[in-house]
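Peer 1: below are the sequence and a predicted model; questions follow.
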Amino acid sequence: MSPRRLRTPHARTYTPGFFIKVALMALVNALGVYVVIQAWGAESWGVLAFMVAALVVADYVYFSRRTVPMKYILPGLFFLLAYQIFTVAYTGYVAFTNYGEGHNSTKEHAIEALLVQNEQRVEGSSSYPLTVVERDGELGFAILDDGVVRVGTATEPLREVGDAVVEDERITRVPGFEVLDRQAVLGRQAEVVGLRVPVSDDAEQGSVRTQDARSGYVYRSVLEYDEDADTMTDRDTGVVYRPNDQGQFEAPDGSTLNVGWRVPVGFDNFTTAFADSRYAEPFLKVLVWTFAFAILSVGLTFFLGLFLAIVLNDERVRGRKLLRALLILPYAFPPFMSFLLWRGLLNTDFGFINEVLLGGAGVPWLTNEWLARAAVLGVQLWVGFPYMFLITTGALQSIPGDVVEAAKIDGAGRFRIWRSITLPLLLIAVAPLLISSFAFNFNNFNAIEMITEGGPRFADTSAPVGATDILITMVYSISGLDGRAATNYGLASALSLVIFLIVATISVITFRRTQALEDIN
């Protein structure tokens with residue numbers, strides 16, 4: 001009897017799929033390590049910790065036999081944490097800070113920016129022969145200081161280098177750097193003029209700057225920072241600035257330096273949003289219009305789509321297939337293209353509607369408050385009714401014919417059949433979609449921004465808010481991302497939390513309503 005070959009119960013078989021998995025996980029780990037390195041350099045410890053934990057969990061899940069279900073859940077869970085939970089949490093954090101214009105970074109960065117922005121040329125300082133150099137895309141200066149060549153960049157202070165070549169008081173070669181010719185310097189003139197190369201590791205010694213890319217001068221800040229006392233002193237006036245609770249250096253007379261840093265401000269942003277007349281009054285107007293826009297957008301598109309669905313569901317109508325195809329065409333085009341197209345059609349000066357259809361009338365479709373709102377709703381009706389037409393057509397065709405026939409036999413008329421049978425069964429199918437459509441239109445950023453950009457602006461407020469703005473576009477304008485106002489991410493984040501709470505409430509109602517309809521069904 002030949003001996004049997006023993007098999008290990010859990011022996012791993014190396015199939016081609018295993019090697020594909022190893023290759024994919026190697027790529028994932030390489031990308032993860034790259035993110036870790038970048039986070040380390042940026043001192044972003046939260047991102048670094050999250051990425052390390054994500055890599056450890058991913059490697060364990062995909063190389064273990066005990067975590068088969070997690071292999072399918074982990075990708076979605078990772079993106080949920082990265083793009084949903086983190087976004088909401090970070091928005092909540094920013095909402096309680098003064099993050100915005102003049103308060104964009106940490107206190108250390110603010111001190112550095114203040115010292116750099118308040119530099120002046122040191123009186124009586126020598127002029128150094130200067131050459132512009134480059135290394136790995138980063139510009140730098142090489143200067144000739146008493147016969148010694150010193151080179152540095154914006155991130156590396158000047159240091160002495162050997163083996164540099166000097167011809168006629170001009171530096172022509174620097175080891176490790178490329179010497180730029182005159183043509184290359186002219187092509188990057190703005191970068192060269194704005195470049196500051198520190199003289200040494202001590203920021204108080206100033207930095208070298210140039211205006212002509214030939215001669216360098218030492219510039220030193222008129223401000224002096226005392227790390228022990230945590231004060232900023234103006235060398236010229238002797239005024240001492242101390243940090244205040246708002247993330248700024250403040251003088252005894254109440255004046256502040258123009259660069260600050262992020263600090264917690266509690267509920268100040270929420271107080272500003274609801275108590276400051278600059279924002280509170282337009283906020284209430286925008287809130288009412290947001291609900292009106294969402295409700296009317298859903299209602300108008302639904303009833304038009306339902307009307308067309310009922311008409312084309314009648315067998316007596318000829319060419320129903322062709323008509324249905326034509327009605328779906330607006331839905332086939334990307335919405336943002338339709339919005340931009342209608343914006344041109346509604347232009348007061350040269351729009352097709354005014355010039356051709358209305359014979360040259362100057363109707364201010366996009367500059368009058370009520371006409372702009374009507375125009376937005378009209379365009380939204382054009383874009384949205386095909387979707388409602390599709391879902392109501394499907395819902396009507398799914399209603400059992402024998403139920404309708406039984407009602408006719410019992411003597412029910414068309415209106416009674418519609419009210420007691422067709423409409424209830426229709427709502428069971430489409431009500432959840434109507435509620436979700438309301439939530440979507442509540443944050444329909446593209447429709448407003450691409451047609452009217454929120455205009456026309458309110459004349460009675462200094463806030464960058466207009467008559468057609470909804471909450472999400474108001475947040476966009478207040479944040480300063482559109483370039484029309486100073487950035488105020490803290491206030492914008494506070495308003496975003498308000499929108500989140502409203503949408504979350506709508507989502508809860510949607511869930512309960514959907515469950516109730518399913519129970520009825």
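Peer 2: Perfect, thanks for sending it.

Peer 1: so where is the stretch 301-450 of the chain shaky, pLDDT-wise?
Peer 2: The model of the stretch 301-450 of the chain has no residue with pLDDT under 70.

Peer 1: so what does the helix of greatest length in the chain touch, helix or strand wise?
Peer 2: The helix spanning the most residues in the chain, taking DSSP state H as the definition, is helix 277-312. If you count contacts as 3 or more C-beta pairs under 8 Å, 6 or more residues apart in numbering; DSSP states H and E, helix 277-312 packs onto helix 268-275, helix 320-332, helix 369-398, helix 423-442, helix 471-479. Any C-beta I mention is one placed from the backbone N, CA and C, and that applies to glycine too.

Peer 1: could you say what helices and strands the first one packs with?
Peer 2: Using 3+ C-beta pairs under 8 Å, 6+ apart as the contact definition, the elements that helix 268-275 packs against are helix 277-312, helix 489-520.

Peer 1: need the winner for burial among the ones you listed.
Peer 2: helix 277-312 (a mean of 18; mean count of other C-beta atoms under 10 Å).

Peer 1: now that one against helix 489-520, angle please.
Peer 2: 30 degrees (axes from the mean of the first three to the mean of the last three C-alpha atoms, to 10 degrees).

Peer 1: so where's the protein shaky on pLDDT?
Peer 2: 1-13, 511, 513-521.

Peer 1: returning to that earlier point: so which of the helices and strands packed on helix 268-275 gets nearest F270?
Peer 2: Nearest to F270, of all those, is helix 489-520, at 5.1 Å by C-beta to C-beta.

Peer 1: report the distance from the closest one to the chain centre.
Peer 2: With C-alpha atoms, centre = their mean, to the nearest Å as the basis, helix 489-520 stands 20 Å off its chain's centre.

Peer 1: stretch 115-124 too?
Peer 2: On C-alpha atoms, centre = their mean, the centre of stretch 115-124 falls 37 Å from the chain's centre.

Peer 1: pull the CA atoms of it into PDB?
Peer 2: The C-alpha coordinates for stretch 115-124 follow below in PDB (Å, rounded to 0.1, in the frame of the first residue of the first chain):
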ATOM      1  CA  LEU A 115       8.600  89.400   9.100                       C
ATOM      2  CA  VAL A 116       8.800  88.800   5.400                       C
ATOM      3  CA  GLN A 117       6.100  91.300   4.300                       C
ATOM      4  CA  ASN A 118       7.500  94.100   6.300                       C
ATOM      5  CA  GLU A 119      11.000  94.000   5.000                       C
ATOM      6  CA  GLN A 120      13.000  97.100   4.000                       C
ATOM      7  CA  ARG A 121      16.400  97.400   2.500                       C
ATOM      8  CA  VAL A 122      19.100  97.800   5.100                       C
ATOM      9  CA  GLU A 123      20.500 101.300   4.900                       C
ATOM     10  CA  GLY A 124      24.200 101.400   3.900                       C
END
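
Peer 1: run through who's touching it.
Peer 2: 196, 203, 206-207, 209, 217-223, 225, 258-259 (C-beta atoms under 8 Å, 6 or more residues apart in numbering).

Peer 1: neighbours of G466, how many?
Peer 2: Counted with other C-beta atoms under 10 Å, residues neighbouring G466 total 24.

Peer 1: if it is in a bridge, with which residues?
Peer 2: G466 has the following beta-bridge partners by DSSP bridges: R457.

Peer 1: quick one: it and S496, what's the gap?
Peer 2: 19 Å (C-beta to C-beta, to the nearest Å).

Peer 1: please identify the deepest-packed of the helices and strands packed on helix 277-312.
Peer 2: With neighbours taken as mean count of other C-beta under 10 Å, those reach their highest mean count in helix 471-479, at a mean of 24.

Peer 1: output that helix in PDB with nothing but the alpha carbons.
Peer 2: These are the backbone C-alpha positions of helix 471-479, laid out as PDB (Å, rounded to 0.1, in the frame of the first residue of the first chain):
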ATOM      1  CA  LEU A 471     -28.200  78.500   0.700                       C
ATOM      2  CA  ILE A 472     -25.500  76.600  -1.000                       C
ATOM      3  CA  THR A 473     -24.600  79.400  -3.400                       C
ATOM      4  CA  MET A 474     -24.700  81.900  -0.500                       C
ATOM      5  CA  VAL A 475     -22.200  79.800   1.300                       C
ATOM      6  CA  TYR A 476     -20.000  79.700  -1.800                       C
ATOM      7  CA  SER A 477     -20.100  83.500  -2.100                       C
ATOM      8  CA  ILE A 478     -19.400  84.200   1.500                       C
ATOM      9  CA  SER A 479     -16.500  81.800   1.500                       C
END
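
Peer 1: just checking, what packs against that helix?
Peer 2: Under the contact criterion of 3+ C-beta pairs under 8 Å, 6+ apart, helix 471-479 touches helix 277-312, helix 445-451, helix 489-520.

Peer 1: dump the residue contacts of I37.
Peer 2: Taking C-beta under 8 Å, 6+ apart as the definition of contact, I37 has no neighbours.

Peer 1: one step back: any chance of the helices and strands packed on helix 277-312 in TSV, with distance to F458 too?
Peer 2: As requested, the helices and strands packed on helix 277-312 are exported to TSV (distance: least, C-beta to C-beta, whole Å):
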stretch	distance to F458
helix 268-275	16
helix 320-332	32
helix 369-398	9
helix 423-442	21
helix 471-479	11
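
Peer 1: how many neighbours does R135 have?
Peer 2: For R135, the neighbour count with other C-beta under 10 Å is 14.

Peer 1: contacts only, for I421.
Peer 2: 399, 403-404, 407, 412 are the contacts of I421 under C-beta under 8 Å, 6+ apart.

Peer 1: apply 10 Å and report the result again.
Peer 2: Counting by C-beta atoms under 10 Å, 6 or more residues apart in numbering, I421 touches 399-400, 403-404, 406-407, 412.

Peer 1: among those, which are located in helices?
Peer 2: Going by DSSP H, the helices hold 403-404, 406-407 from those.

Peer 1: got a ChimeraX select line for the buried ones in the residues you listed?
Peer 2: In ChimeraX, a selection of the buried entries from the ones in helices among the contacts of I421 looks like this (16 or more other C-beta atoms under 10 Å):
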select :404,407
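
Peer 1: closest to R324 among the ones in helices among the contacts of I421?
Peer 2: Among the ones in helices among the contacts of I421, V404 lies closest to R324 (C-beta to C-beta), at 21.3 Å.

Peer 1: just checking, the closest one touches N313?
Peer 2: No. V404 lies out of contact with N313 (C-beta atoms under 10 Å); the separation is 11.8 Å.

Peer 1: can you give me the helices for the stretch 151-300 of the chain?
Peer 2: Read by DSSP state H, counting those that start in this stretch, the stretch 151-300 of the chain holds these helices, from start to end of the chain: 182-187, 189-194, 268-275, 277-312.

Peer 1: dump the ones you listed to TSV, plus distance to S126.
Peer 2: As requested, the helices of the stretch 151-300 of the chain are exported to TSV (distance: least, C-beta to C-beta, whole Å):
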stretch	distance to S126
helix 182-187	22
helix 189-194	20
helix 268-275	50
helix 277-312	52
